[in-house]
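Visitor: With the sequence up front, the predicted model follows.
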Amino acid sequence: MKQLLLLFITLFLFALTPRHYLYSQEYNWDNDCCDEYYLEDTTILNMENWEKQMSEQMKMVDNLRSELNLINTEIASLVILSLTRDKDITDAELDLYTAIGSNKAEVDDFRIKFKECEKRIMNCKNAETAELIRKSCFDEIEASRIKCLPEFWERYLIMKKRLEECSEKEPIEEKSGNYTVVKGDCLWKIAGKREIYGNSRFWPKIWEANKNGVISAPARIPKTIKNPNLIYPGQVLRIPVLSEVEMKMESNKTKEIKKTRKKKP
């Protein structure tokens, strides 16, 4: 009797117990991930999107390949055109060289000589220098028909005019020929010598005539006078001749300086 009563109570409690407590984990009815139909629909949808995107990407690739082929074709055409133009230019140059009785090698050699002579003419200082330039390089350039090429013709005319102008310049004259620096000398002292200028204030004239190069100097002695306060024994200086106007201007300047000093208290 007691056993039947116990069995009846157990069955009664089992009937009252909620069903979800009978499982090992809680089941979420709101998120039914086990719905086979749902999973099947989602898979089909993803596959369709993927196939659609792949199709669009493949079309883009095909379009880009077509554009690339067109560009490569255009590049090939331009390369052929460039080679053709280069050949035309080369042929035209050869025809031009032949017309003046020359060739490319001779023109290249003439170009080097022309550039060097042009540089010397631009630095020409007087008639003596112009004559030296004429004999050493310009006469050869003037005798060559290569100078008629467009590359050289305008520059040649400028060189010729410049050389003619330089030929009219008188060379720098030297008073007493030159002056050799001795120990204890300075430009102020040299300019003040009676046989030079007799006026020390003319020392800048000596410096201007020698700062870029003295007539000569012993070994290991500077050949230029960059600093007017530094001259060395053995340097042979050129002494430029001053005109009467320059002498008078300097004398008047000296007088004005003396007057100004007297007025000071």
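Guide: All right, it came through fine.

Visitor: element containing residue 53?
Guide: Counting by DSSP states H and E, the element that carries residue 53 is helix 36-99.

Visitor: which helices and strands sit right next to that helix?
Guide: In this structure, helix 36-99 makes packing contacts with helix 104-122, judged by 3 or more Cβ pairs under 8 Å, 6 or more residues apart in numbering; DSSP states H and E. In this view, the C-beta of every residue, glycine as well, is placed from N, C-alpha and C.

Visitor: what's the angle between the helix it packs on and helix 36-99?
Guide: Orientation check (axes from the mean of the first three to the mean of the last three Cα atoms, to 10 degrees): helix 104-122 against helix 36-99 gives 80 degrees.

Visitor: now the helix holding residue 53, how far from the centre of its chain.
Guide: With Cα atoms, centre = their mean, to the nearest Å as the basis, the distance from the averaged C-alpha position of helix 36-99 to the chain average is 37 Å.

Visitor: Look at residue 242 and say how many residues are nearby.
Guide: Under the neighbour criterion other Cβ atoms under 10 Å, residue 242 is assigned a count of 17.

Visitor: Can you show me the strands along the stretch 151-265 of the chain?
Guide: Using DSSP state E, counting those that start in this stretch, the strands of the stretch 151-265 of the chain run over residues 179-180, 236-237.

Visitor: just so I know, which of the ones you listed lies nearest residue 52?
Guide: Across the strands of the stretch 151-265 of the chain, residue 52 has its closest neighbour in strand 236-237 (96.3 Å, Cβ to Cβ).

Visitor: can you give me the mean pLDDT across that closest one?
Guide: Model confidence over strand 236-237 averages 92 on the pLDDT scale.

Visitor: hmm, who's touching it?
Guide: The set of residues external to strand 236-237 that reach it, using Cβ atoms under 8 Å, 6 or more residues apart in numbering, is 178-181, 190, 206, 209-210, 214-217, 231.

Visitor: What residues are bridge-paired with residue 180?
Guide: Residues found in beta-bridge contact with residue 180 (criterion: DSSP bridges) are residue 236.

Visitor: In contact with it, which residues are there?
Guide: With Cβ under 8 Å, 6+ apart as the criterion, the residues that contact residue 180 are 234-237.

Visitor: List buried residues within those residues.
Guide: With burial judged by 16 or more other Cβ atoms under 10 Å, the buried subset of those is 234-235, 237.

Visitor: Pick the one among the residues you listed closest to residue 76.
Guide: Proximity of these to residue 76, judged by Cβ to Cβ, is greatest for residue 235, which lies at 70.4 Å.

Visitor: From residue 206, how far out is that closest one?
Guide: With distances defined as Cβ to Cβ, to the nearest Å, the gap from residue 235 to residue 206 amounts to 11 Å.

Visitor: which stretches of the stretch 151-265 of the chain form helices?
Guide: Remark: helices assigned in the stretch 151-265 of the chain by DSSP state H, counting those that start in this stretch are 187-192, 203-210, 244-263.
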